[in-house]
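1. make a model of this:
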Amino acid sequence: MTFNPLEQRGIPLDRQIRNWRELNVAPIDPDHCDPYTRCRIITMNGIEVEAIMFSHQLARNTVDPEVKRQLAQTRYIEAQQQKAVNWLLPGVSSVLETTIAYEQVAVDLTAWVARMEPDPYLKQAYQFGVLEDFDHLYRYANLYEMIEHRKAESIVEGLTEVMPGRPTKFHHRHPADNVRDPYAKDETNPLSKLHALTIMSAEQQTMNFYMNTGPTYMEPIARQLYQEIGLIEEEHVTHYESLVDPGETWWEQLVNHEYNECYLYYSFMEQESDPKVKAIWELHLNQELEHLHIACDLMRRHDGRDPESVLAPQLPDVLTFEPNKAYLRELLDTQIDLTTLGAGYVRDAHERFEKMQEQIHGGEEPPSERVMTQHDEMFGREYRIETEGEHPDPALREK
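-> Numbering: from 1, shown residues only. Take a look at the predicted model:
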């Protein structure tokens, strides 16, 4: 069944404010929830944070007080949505357990988008990035066993493998080589716009999470690992945000944001296994439908264009959280040795890359390598989950 959000009316804006009792959502049970329910929560938190911050930036760049008031009304509801979504995460989960879930999101969300992306250049950007998040998951999983003496399989539950990706120490590139070429807004598939906005938002939220939670640890190796991977998440946000055409007007970006929220809430509502969480996705979808219509009206009034000219006529096939093991293994086998040069990709280290490596590492092993050394000293082995057999790259198989 096709679903066109432009033809659907949602809850009127003046009926969308929730009281404290309604916002006091029951968190998921981390020991019994579907891991992908947690992934959907983390994803939508990133989407809502991006929606809020984009609205603030638009408000700071308009002189029309009426537009500011309209944005403020919608943004307050977005803020309530973000609180309800993020507060679904359980307080009993440690920061590191949530971190591992964040990286499971990065792996399976980006892998799915890469599989579905119609544009070859954009597809390559997602394929490149996912192999780095895959390695982050592996490093954090080893840190988790070291400092909490628990195993990541209790979080990912066999849906996502845990083993080396492109080694984290090679993710540190010259900033100029993290900037990609943007899609052409008037030529690209509308699905590509949704993909770019989704992955940018998810990576941005991961960057924000690490920036703020990293120094809360007492263990030196944990503080150092969060610092290293936090820097790489900044690179990833640069990588993904540069895919978006900077020629899109503020109003075009606004309707893209609102349309994308409708797409994701609808997608997650369709596949959610937890009835209480599904009810939140459904409520938020009906709120976002109205936000989309408000954004469309603003675009017609201030941009002089019809939103139908830039949006998909109906929602694409639902975005799905599912295992991507075979796809990731194919990428590990064929793309693990890539790095970036300008807006493209190369297999050989180049002068700018090597200079950056010298500057950041200073002749020492980075935290991502030291965490593995310390784990091996404690347990005599690495922590891995290899459900589909040994690593595709012989050089990265466990010795």
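2. just how off-centre is stretch 283-290 within its chain?
-> The chain centre lies 21 Å from the centre of stretch 283-290; the measure is Cα atoms, centre = their mean, to the nearest Å.
3. same deal with stretch 110-127?
-> 14 Å.
4. swap in stretch 251-265?
-> 16 Å.
5. cool, stretch 244-255 as well?
-> 20 Å.
6. now stretch 231-250
-> 13 Å.
7. would you list every one of the strands in the stretch 251-399 of the chain?
-> Counting by DSSP state E, counting those that start in this stretch, the stretch 251-399 of the chain has strands at residues 339-341, 344-346.
8. now do the contacts for the nearest residue to residue 262 once chain neighbours are set aside.
-> Distances taken as Cβ to Cβ, 6 or more residues apart in numbering put residue 5 closest to residue 262, at 4.2 Å, once the chain neighbours are dropped. In short, each C-beta sits where N, CA and C put it, glycine included. Residue 5 sits next to 259, 262, 263, 266, 288, 289, 292, 315 when contact means Cβ atoms under 8 Å, 6 or more residues apart in numbering.
9. state the distance from residue 5 to residue 197.
-> To residue 197, residue 5 is 15 Å away according to Cβ to Cβ, to the nearest Å.
10. how far away from the center of its chain is stretch 299-308?
-> 29 Å.
11. and for stretch 56-64?
-> 26 Å.
12. quick check: end-to-end length of that stretch?
-> One end of stretch 56-64 to the other measures 14 Å (Cα to Cα, to the nearest Å).
13. buried residues, it. List them.
-> 58, 59 (16 or more other Cβ atoms under 10 Å).
14. now that stretch: mean pLDDT?
-> Stretch 56-64 comes out with an average pLDDT of 98.
15. where does the protein dip in pLDDT?
-> 1 (pLDDT under 70).
16. now do the helices in it.
-> 20-23, 35-59, 65-86, 95-116, 120-148, 153-156, 190-213, 220-241, 250-271, 275-303, 325-335, 351-361, 367-379 (DSSP state H).
17. follow-up on the earlier one: and the buried ones among the contacts of residue 5, selectable in ChimeraX?
-> Here is the ChimeraX command that selects only those of the contacts of residue 5 that count as buried (16+ other Cβ under 10 Å):
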select :259,262,263,266,288,289,292,315
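18. residue 146: which of the contacts of residue 5 is nearest?
-> Using Cβ to Cβ, residue 263 comes nearest to residue 146 of the contacts of residue 5, at 39.2 Å.
19. how about the closest one, nearest residue that isn't a chain neighbour?
-> Closest residue to residue 263 apart from its sequence neighbours, by Cβ to Cβ, 6+ apart: residue 315 at 5.3 Å.
20. kind regards, and thank you for your time.
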